[in-house]
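Colleague: need the 3D shape of this:
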Amino acid sequence: MRTSLLSYSLLLVTVVCSISAMRAQVGINKPNPSAILDVDGDIIVDQTLTLENPGNSLEIRGLNLLVVSTANDMLQYDIDIAKYGPINNVQFEFTDLSYDGLQDYNTQVPVDEYEMVVHSFFFKRVGSDNYNVLLGSNSSVLNVEGYQVYAYKHATHNTWFLRAIVNDSSFQIDTGLGSIIENNIDMILNVALYRKGLLTKTLNEVNVDMGTSSTGTAPLPAGFTN
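Modeller: Numbering: from 1, shown residues only. Presented below is the predicted three-dimensional model:
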């Protein structure tokens, strides 16, 4: 009797293992798992979670990232509902801007949390799509001055400021009546904001003494290799 019972137990274990091997799926709170491990609920990992072979995907659209919060919680990052993205694009439109240009504009974006870059700009006549705007030097009509359009860190406010001017010049228009006058403009700046700590790392400045030369080779930033 003991031999028969033992044989029956071994047979039962063999059958169960075979079924498990064929299904190769485990469900937690999922009576009908659809993957090797299908979990409906929260997971707590006390030490290390290793993904040995996460696989490749040719899909990009609609995918979300997994991020770890400051409390060490693993969260799904959905850009559609997030307050910010890893890379954010903002268009600033300054209407009826002084003909002296944009001297200092406080965006109130904190420098400790974001990097800011102006990647394009344009200007036009106030309230129109007329882009016939002239630049007039304050020194000489023969001078052609250069632009300064950039974002910079304001030490006192600890926020990003924008500046968009033409050196020693003003914005002007041709009246069509034989005269050129200084005139206010509409200016558009396209600005990229990079969230620090999320795909972005700020490196130290690279200072290069050119020694009056116009060509040279800059050292690689720390951490980069040829």
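Colleague: stretch 68-76: how far from the chain's middle?
Modeller: 19 Å (CA atoms, centre = their mean, to the nearest Å).
Colleague: can you tell me the closest non-neighbouring residue to E145?
Modeller: Distances taken as CB to CB, 6 or more residues apart in numbering place N167 nearest to E145, at 4.1 Å, with adjacent residues excluded. Glycine gets a C-beta too; all of them are placed from N, C-alpha and C.
Colleague: can you map out the helices along this structure?
Modeller: All helices of the chain, identified by DSSP state H, fall at 2-23.
Colleague: now it, which segments are flagged as low pLDDT?
Modeller: Within the chain, the ranges that satisfy pLDDT under 70 run 1-23, 60-62, 226.
Colleague: middle-most residue in it, spatially?
Modeller: I87 (1.4 Å; CA atoms, centre = their mean).
Colleague: which residues are in contact with it?
Modeller: A192, L193, Y194, R195, L199 (CB atoms under 8 Å, 6 or more residues apart in numbering).
Colleague: go on, V90?
Modeller: Counting by CB under 8 Å, 6+ apart, V90 touches N190, V191, A192, L193.
Colleague: with respect to V109, which of those is nearest?
Modeller: Distances from V109 to the contacts of V90, taken as CB to CB, are shortest for L193 (6.5 Å).
Colleague: what is the neighbour count of the closest residue to that closest one other than its chain neighbours?
Modeller: In this structure, L193 finds its nearest non-sequential neighbour in N88, 4.1 Å apart by CB to CB, 6+ apart. Neighbour count of N88, defined by other CB atoms under 10 Å: 16.
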